[in-house]
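Colleague: no sequence for this one, just the structure:
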């Protein structure tokens, strides 16, 4: 028998807030977390702006030794996962931890560690590469470290699908619980790639905005958009089997009712023409949920602020929703946070849960110049107080990976 899956915990560390409450308050207020890069000297770089996590000192969260032995992406994962666990009021002593899993991924993993140790190798020789290089750099260590920190003994898996990572992790966790393999799963994504090699690489593939005005850099669906702005942080949610959640009196934020995952099979960086793959992911999610397009209140778009993504995603939404596409509210909170790559889907799932809880649809901020190619209701500049029964989150990754999750107000 297929089981129902609900969300019972949220955890976030983002460019607009270092916990869920602060993050959501600033999303609702339309705050922009993009500013000049402080992580390194950008003198020789065309790109000057990013969405950095603010006022972050690892030693506020970890002892000195632990902090030094963990890349920034793993640190963010643990911070968000612990917040979600505490928010859910789960108790390790009362749970069968073999029925608790974690699916937590990153698009790139420990890029800060890689850069530092490759520089050491080139400049100082092989003996100067840290013995901690491998366990700090490899992508799975977000999931591994969270499992160790929280005592999770069920399935511990790290998925990597570029910018679709967080959404795929949540979707696969949903299936895991729905089909009876686990009762509780921590899921989401984490990323920390605002460093010289990360910014240079994305700049030279022509993906990043070179705007210098922080309020005109990450501008999804705006005609003047010129690329995405790198963000960093983590978003983790706790998925739980409904009866298990009810039995312990858990607070339920929302229910997950559909998940679609498809591949473009088209190009390494460009979406398929007309957003064909993304449209199929949305359709699959709606079919699984048994939901009609006109029932969807809100779509948290992938909305990266690149020319191709936003126009193709607009076409994808029109293909998937048909006539209902003209009425659905579609916003991109990447206008607030920048693009958190593998963590985007985790953070944006939290936006969907909070939108449902608060009956509030967040805006696409800093929107000025309408684009006829992106002619949906993009909720420009002002969020809306409106009942949200169904919210959809889209993520589309380099390599043609598409993922959509459908959240429902729990009844």
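Modeller: Received, thanks. All of these numbers come straight from a predicted model, not from anything done at the bench.
Colleague: let me see the ranges of the strands in the protein.
Modeller: Secondary structure of the chain (DSSP state E): strands at 5-13, 35-36, 49-50, 100-105, 156-157, 184-191, 233-241, 254-263, 298-300, 329-331, 360-361, 384-385, 390-397, 401-408.
Colleague: ok, residues contacting the fifth one?
Modeller: When you say that, I think you mean strand 156-157. Strand 156-157 is touched from outside by 101, 102, 103, 143, 144, 147, 172, with contacts defined as Cβ atoms under 8 Å, 6 or more residues apart in numbering. C-beta: built from backbone N, CA, C; applies to glycine.
Colleague: one more time with 6 Å, if that's ok
Modeller: 102, 103, 143, 147 (Cβ atoms under 6 Å, 6 or more residues apart in numbering).
Colleague: now swap in the second one and tell me
Modeller: Here strand 35-36 makes contact (Cβ under 6 Å, 6+ apart) with 48, 214.
Colleague: quick one: contacts for residue 356?
Modeller: 254, 388, 391, 409.
Colleague: 10 Å - rerun?
Modeller: If a contact means Cβ atoms under 10 Å, 6 or more residues apart in numbering, then residue 356 has 7, 253-255, 297-298, 387-391, 407-410 as its contacts.
Colleague: those residues, buried ones only, as a PyMOL selection?
Modeller: Buried residues among the contacts of residue 356 (16 or more other Cβ atoms under 10 Å), as a PyMOL selection:
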select buried, resi 7+253+254+255+297+298+388+390+391+407+408+409+410
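Colleague: now, which of the contacts of residue 356 sits nearest residue 17?
Modeller: Taking Cβ to Cβ as the measure, residue 17 lies nearest residue 253 of the contacts of residue 356, at 17.1 Å.
Colleague: state the distance from that closest one to residue 88.
Modeller: Look at residue 253 and residue 88: by Cβ to Cβ, to the nearest Å, they are 10 Å apart.
Colleague: and residue 55, by the same measure?
Modeller: Taken as Cβ to Cβ, the span from residue 55 to residue 88 is 26 Å.
Colleague: between the two, which is the more surrounded one?
Modeller: More crowded of residue 55 and residue 88, by other Cβ atoms under 10 Å: residue 88, with 24 against 7.
Colleague: which residue is the nearest non-sequential neighbour of that one?
Modeller: Spatial nearest neighbour of residue 88, chain neighbours left out: residue 9 (3.0 Å); criterion: Cβ to Cβ, 6 or more residues apart in numbering.
Colleague: what sits against that neighbour?
Modeller: Counting by Cβ under 10 Å, 6+ apart, residue 9 makes contact with 20, 81, 83-90, 184, 186, 236-240, 250-251, 253, 353.
Colleague: and if you look at residue 343?
Modeller: Taking Cβ under 10 Å, 6+ apart as the test, what residue 343 contacts is 12-14, 73, 76-77, 80, 104-107, 142, 163, 165-166, 188-193, 231-236, 337.
Colleague: run the last query once more with 7 Å
Modeller: Residue 343 makes contact with 166, 189, 190, 191, 233, 234, 235 under the criterion Cβ atoms under 7 Å, 6 or more residues apart in numbering.
Colleague: so in the protein, which helix runs the longest?
Modeller: Across the chain, the longest stretch assigned as helix under DSSP state H is helix 72-88.
Colleague: run the angle between that helix and strand 233-241 for me.
Modeller: Helix 72-88 and strand 233-241 are oriented at 40 degrees to each other (axes from the mean of the first three to the mean of the last three Cα atoms, to 10 degrees).
Colleague: mind listing the residues bridging to the residue nearest to residue 83 when sequence neighbours are not counted?
Modeller: Excluding the flanking residues, the one nearest residue 83 by Cβ to Cβ, 6+ apart is residue 11, at 3.3 Å. The partner list for residue 11 in beta bridges (DSSP bridges) reads residue 236.
Colleague: residue 11 contacts residue 81, correct?
Modeller: Yes. Counting by Cβ atoms under 7 Å, residue 11 touches residue 81, with 6.0 Å between them.
Colleague: now for these two: what residues contact both?
Modeller: residue 236.
Colleague: measure residue 38 to residue 319 for me?
Modeller: Distance from residue 38 to residue 319, by Cβ to Cβ: 41 Å.
Colleague: rewinding a little: farthest pair in the contacts of residue 356?
Modeller: Spanning the widest gap among the contacts of residue 356 are 7 and 387, at 18.0 Å by Cβ to Cβ.
Colleague: deepest-packed of the strands of the chain, please.
Modeller: For the strands of the chain, the largest average neighbour count (mean count of other Cβ atoms under 10 Å) is found in strand 184-191, namely a mean of 35.
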